[in-house]
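J.: generate coordinates for the sequence data below:
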Amino acid sequence: MDAFHLGLPAVVAIIAVALAFDFINGLHDAANSIATVVSTRVLPPKLAVAWAAGFNFIAFLFFGLHVARTIGTGIVEPSVMDPWVVFCALFGAIAWNLLTWWLGLPSSSSHALIGGIAGAGTAKAGISAIVADGFLKTTAAIVLSPMAGFFLALLIVLGATWLLRRAMPYAVDRRFRKLQLISASLYSLGHGGNDAQKTMGIIAALLFSQGLIGGEFYVPLWVVLASQAAMGLGTLMGGWRIVHTMGSRITDLKPFQGFCAETAGAISLFTATWLGIPVSTTHTITGAIVGVGSARRTSAVRWGLAGNIVWAWIFTIPAAAGISFTVFTLLRHLG
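T.: Residues are numbered from 1 along each chain as shown. Model (predicted):
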């Protein structure tokens, strides 16, 4: 299985698989961007997905490409990231994404890809292929991103509740229906800024390994545009099973709570993207939704369902890694 003698058609085919992953990421994670705005009936579903997709696409105008560099060079050694490793990483991530999408569980597309890269890279070059700093930083975000979403949402809810303590409930609801359009836009921007960069990074790593972008790692503009477009199209398709889970089954949301959850999620995503940390948008918004539910009362959160989601998070990296490791091993024996 000599990766460096793959022709251009094979490289193009793997790029197509990467963009398919990006599309499925948008499909899978559309719920993160629109669940609250749909469940609060601020926007109808079709308009909500179009709104989110538009902000997904333009996200590259607001952020650097630090996350793409982390994915391309910071999970496994760049010399290991050949076309077969990239293909197997994508296969594992897509397989896990589709399984959890079918089950209606909001698992992390980001961590599925991280697991896929780690699994395929380890199958090729052993555990020493892992870049410890980048991998540990990313896996730490499994805990830190939902915690950040939770505590920020809790603080925002408590602060806003105190400021609006004399306002009439009807006036609050009407005001936050408008404000939620802003918070949903910001969250979709953060989603597109962080998640699309993961596909940019893996495509750039593929091109770099084949000597198609010169001797220094960077992300070509066409890769940026193609990745943002694929994610935007995926978001347009929606992810209604997960929308239902995120928007109503964890806790019941009103426009006020939806605004607080989305604002907390957007702050978390903006910070992580600027720091170059590939976090999970799913983890972040779920933590924020649990935070706003807890601010009312702990019984407002369906903790059993939240627990099932946490288990899906825990299993994502090892499950995707196992699939990618197995596929790479099989291809190596067949090749």
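
J.: what is the burial count for A10?
T.: 15 (other Cβ atoms under 10 Å). All C-beta atoms are positioned from the backbone trio N, CA, C, and that covers glycine.

J.: mind giving me the packing neighbours of the helix or strand hosting S268?
T.: In this assignment (DSSP states H and E), S268 forms part of helix 255-275. Secondary-structure packing of helix 255-275 (3 or more Cβ pairs under 8 Å, 6 or more residues apart in numbering; DSSP states H and E): helix 8-39, helix 66-73, helix 132-163, helix 169-209, helix 281-296.

J.: can you say which of those helices is nearest to F256?
T.: F256 sits nearest to helix 169-209 of all those, at 4.5 Å, using Cβ to Cβ.

J.: that closest one versus helix 8-39: what angle between them?
T.: Relative orientation of helix 169-209 versus helix 8-39 (axes from the mean of the first three to the mean of the last three Cα atoms, to 10 degrees): 170 degrees.

J.: gap between helix 169-209 and the chain center?
T.: Chain-centre distance of helix 169-209: 10 Å, with Cα atoms, centre = their mean, to the nearest Å.

J.: residues in contact with L236?
T.: G26, V49, A50, A53 (Cβ atoms under 8 Å, 6 or more residues apart in numbering).

J.: take those residues and lay them out in JSON lines including distance to P255.
T.: Output for the contacts of L236, formatted as JSON lines (distance: Cβ to Cβ, whole Å):
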{"residue": "G26", "distance to P255": "25"}
{"residue": "V49", "distance to P255": "19"}
{"residue": "A50", "distance to P255": "20"}
{"residue": "A53", "distance to P255": "22"}
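
J.: worst mean pLDDT across the helices and strands of the chain, which element?
T.: helix 240-244 (a mean of 54; mean pLDDT, DSSP states H and E).

J.: wait, I267 touches L152, no?
T.: Yes - using Cβ atoms under 8 Å, I267 is in contact with L152, at 5.8 Å.

J.: now F63, nearest residue through space, not along the chain?
T.: G193 (4.1 Å; Cβ to Cβ, 6 or more residues apart in numbering).

J.: what is the neighbour count of that neighbour?
T.: Neighbours around G193, by other Cβ under 10 Å: 28.

J.: what's the distance between it and M231?
T.: 10 Å (Cβ to Cβ, to the nearest Å).

J.: same check, this time on Q210
T.: 24 Å.

J.: the more surrounded of those two?
T.: More neighbours surround M231 than the other of Q210 and M231, with 32 against 17 (other Cβ under 10 Å).

J.: what about that one, which helix or strand?
T.: Assigned by DSSP H and E, M231 falls in helix 221-237.

J.: measure how far that helix is from the centre of its chain, please.
T.: 14 Å.

J.: hmm, back to that, same list (the helices and strands packed on helix 255-275) but as a markdown table, adding distance to V219 and mean pLDDT.
T.: A markdown table is the format used below for the helices and strands packed on helix 255-275 (distance: least, Cβ to Cβ, whole Å; pLDDT from 0 to 100):
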| stretch | distance to V219 | mean pLDDT |
| --- | --- | --- |
| helix 8-39 | 12 | 79 |
| helix 66-73 | 5 | 90 |
| helix 132-163 | 16 | 86 |
| helix 169-209 | 5 | 87 |
| helix 281-296 | 20 | 79 |
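
J.: quick one: closest of these to A320.
T.: It's helix 8-39; of these, that one is closest to A320 (Cβ to Cβ) at 11.2 Å.

J.: which other helices and strands contact that closest one?
T.: Using 3+ Cβ pairs under 8 Å, 6+ apart, helix 8-39 sits against helix 45-57, helix 83-103, helix 109-125, helix 169-209, helix 221-237, helix 240-244, helix 255-275, helix 281-296.

J.: quick check: angle from that helix to helix 281-296?
T.: Using the same axes, to 10 degrees, helix 8-39 lies at 10 degrees relative to helix 281-296.

J.: what angle do helix 8-39 and helix 83-103 make?
T.: 30 degrees.

J.: now helix 8-39: how far from the chain's centre is it?
T.: 10 Å.

J.: rewinding a little: which one of the helices and strands packed on helix 8-39 lies closest to V327?
T.: Closest among the helices and strands packed on helix 8-39, once you apply Cβ to Cβ, is helix 83-103, at 4.7 Å.

J.: just the buried positions in that closest one, please.
T.: By neighbour count on 16 or more other Cβ atoms under 10 Å, the buried set for helix 83-103 is 83-97, 100-101.
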